[in-house]
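Chemist: Quick one: sequence plus predicted model below, questions after.
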Amino acid sequence: MPGRRWIWILTGTLLVPFLIVGAVAMVAVGVSGSELQAAQASLATGTVPAAYASLIESAGTTCSQLSAPLLAAQLYQESAFDPKAVSPAGAEGIAQFMPGTWPNWSSPHDGDGKQDIFNPADAIPAAARYDCALARQVAKTPGDQIDNMLAAYNAGPGAVLAAGGVPAIAETQNYVKNIRILEKAFSAPSGTVATSDVAVRAIAFAYDRLGTPYLWGGTGTVAEHGEFDCSGLTQAAYASVGVKIPRVAADQWYAGPHVPRNQLRPGDLVFFAYDVNDPSTIHHVGIYVGGDAMIDAPHTGATIRFDPVDNFGGYIGAVRPYAQVPQWPVGQSTTGAAGATS
């Protein structure tokens with residue numbers, strides 16, 4: 001294995017195929033949710049499909065308990081932004097309304113005169129109205145108002161009132177926790193995210209695997225001869241330092257706050273999409289190491305290597321992973337869909 005002295009050099013050079021300069025040792029990530037900046041009212045660029053961004057921004061102002069990032073996180077948790085989603089319990093659309101509940105909150109918003117549960121232009125504002133009505137219903141309940149609102153959306157307001165807060169239902173507790181964590185991933189960057197010492201060690205994991213053959217679907221198991229695909233490498237690198245991020249690149253996009261290009265730091269995950277206006281088209285991820293370069297597992301026939309970030313095209317953005325991440329997968333609503341009754 002190559003030595004790791006390069007990690008501690010404040011400035012250094014890797015000559016072929018390009019230059020990397022970085023002060024890596026003192027820069028890292030992996031902060032807990034409590035150390036992050038508070039969620040802001042606006043969405044981070046590229047975190048929701050462009051067709052829904054203005055709808056979510058507008059609906060996120062419906063009441064003081066709601067914000068665009070919070071609503072986006074809830075919609076992602078409910079359906080992963082799939083407007084045609086149908087759950088096993090029969091909940092429908094991007095906001096996973098039960099058909100019997102839908103007429104109480106629906107209103108045509110796209111000018112066609114129809115109230116279509118599968119039309120995000122109708123369903124997103126309806127979800128916001130329902131959230132805010134629930135917030136009013138449980139306003140006097142002890143505990144965090146936003147947590148109680150979300151719990152009511154999942155389990156019904158009666159369950160929240162009876163429990164005097166988020167009920168002791170594992171699904172509902174995970175639902176609330178996931179959305180509050182995801183809220184930070186959807187929030188526009190504000191200030192600086194606190195750092196720790198884990199990014200340098202995650203980079204070291206990837207560095208030690210330079211030259212390893214790419215394997216589609218590879219996660220580095222013994223049976224796979226220690227080979228990886230792009231997201232398998234990034235997942236394993238962070239798992240090696242105790243940070244559990246999702247398996248696939250499109251989900252890793254929500255594993256932390258988003259970082260502007262001019263604020264990239266070593267250890268950030270950099271992402272590439274076929275359509276930079278649609279995060280569901282993300283197809284590649286690497287670990288940024290400084291000097292506009294990354295370590296990545298690029299494609300079949302290649303090996304884990306250094307690549308310039310600009311080589312791939314379709315750069316959609318970067319994420320700074322933190323230790324507290326949602327439970328995955330999301331976007332799989334169950335019996336606690338919107339309109340649940342107690």
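Modeler: Yep, that arrived.
Chemist: List the neighbouring strands of the longest strand belonging to the chain plus their orientation.
Modeler: Across the chain, the longest stretch assigned as strand under DSSP state E is strand 282-290. Strand pairing for strand 282-290, determined by DSSP bridges: strand 269-273 (antiparallel), strand 293-296 (antiparallel).
Chemist: what is the mean pLDDT for the helix or strand following the shortest one?
Modeler: Just to be clear, that refers to strand 293-296. Heading C-terminal from strand 293-296, the first helix or strand you meet, by DSSP states H and E, is strand 305-308. For strand 305-308, the mean per-residue pLDDT is 96.
Chemist: residues contacting the nearest residue to Gly313 once chain neighbours are set aside?
Modeler: Counting by C-beta to C-beta, 6 or more residues apart in numbering, Phe272 is the residue found nearest to Gly313 once chain neighbours are left out, at 7.2 Å. (Glycine included, C-beta is placed from N, CA and C.) Residues in contact with Phe272 (C-beta atoms under 8 Å, 6 or more residues apart in numbering) are Ile282, His283, His284, Val285, Phe312, Gly313, Gly314, Tyr315, Ile316.
Chemist: hmm, which two among the residues you listed are most spread apart?
Modeler: Val285 and Gly313 (14.4 Å; C-beta to C-beta).
Chemist: pLDDT value on the residue positioned nearest the centre of the chain, please?
Modeler: Central residue of the chain (C-alpha atoms, centre = their mean): Tyr254, 1.3 Å from the mean position. pLDDT for Tyr254: 92.
Chemist: Now the phi/psi pair for it, please.
Modeler: The phi/psi pair for Tyr254 (degrees, to the nearest 10) reads phi -110, psi 20.
Chemist: distance between the ends of stretch 51-69?
Modeler: 16 Å (C-alpha to C-alpha, to the nearest Å).
Chemist: no, scratch that, I was asking about stretch 210-230
Modeler: Stretch 210-230: ends 13 Å apart by C-alpha to C-alpha.
Chemist: about what we covered before: for the residue nearest to the centre of the chain, which non-adjacent residue is spatially closest?
Modeler: Ala185 (4.5 Å).
Chemist: Poorly predicted segments of the stretch 51-200 of the chain, please.
Modeler: 108-113, 190-197 (pLDDT under 70).
Chemist: Can you pull the domain assignment for this structure?
Modeler: Domains of the chain are assigned by automatic domain parsing as 5-34+195-319, 50-186.
Chemist: Residues in contact with the longest strand of the chain: which ones?
Modeler: By C-beta under 8 Å, 6+ apart, strand 282-290 touches 20-24, 202-203, 206, 230-231, 233-234, 237, 249-250, 252-253, 264-274, 294-296, 298, 306-307, 309, 312, 314, 316, 318.
Chemist: So Thr234 sits against Asp251, correct?
Modeler: No: taking contacts as C-beta atoms under 8 Å, Thr234 lies outside contact range of Asp251: 11.1 Å.
Chemist: Comparing these two, which shows the higher neighbour count?
Modeler: The residue with more neighbours, out of Thr234 and Asp251, is Thr234; 32 against 20, by other C-beta atoms under 10 Å.
Chemist: burial count for Asn178?
Modeler: 21.
Chemist: Format the CA atom coordinates belonging to the helix or strand where Ala185 lies as CSV.
Modeler: Counting by DSSP H and E, the element that carries Ala185 is helix 170-186. Output of helix 170-186 as CSV, limited to C-alpha atoms (Å, rounded to 0.1, in the frame of the first residue of the first chain):
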residue,chain,number,x,y,z
ALA,A,170,-41.2,3.5,15.4
GLU,A,171,-42.3,4.4,11.8
THR,A,172,-43.5,7.8,12.9
GLN,A,173,-40.4,8.5,15.0
ASN,A,174,-38.2,7.6,12.1
TYR,A,175,-40.3,9.6,9.7
VAL,A,176,-39.8,12.8,11.9
LYS,A,177,-36.1,12.1,12.4
ASN,A,178,-35.4,11.5,8.7
ILE,A,179,-37.2,14.7,7.6
ARG,A,180,-35.5,16.9,10.1
ILE,A,181,-32.1,15.5,9.0
LEU,A,182,-33.0,15.8,5.3
GLU,A,183,-34.1,19.4,5.8
LYS,A,184,-30.5,20.4,6.2
ALA,A,185,-29.5,18.7,3.0
PHE,A,186,-32.2,20.7,1.1
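Chemist: Identify each buried residue in that helix, please.
Modeler: For helix 170-186, burial by neighbour count (16 or more other C-beta atoms under 10 Å) applies to 172-173, 175-186.
Chemist: now do stretch 233-253
Modeler: Within stretch 233-253, the residues that count as buried by 16+ other C-beta under 10 Å are 233-238, 240-241, 243, 245-253.
Chemist: what's the answer for stretch 62-72, then?
Modeler: Under the neighbour-count criterion of 16+ other C-beta under 10 Å, stretch 62-72 has Thr62, Cys63, Gln65, Leu66, Ser67, Ala68, Pro69, Leu70, Leu71, Ala72 buried.
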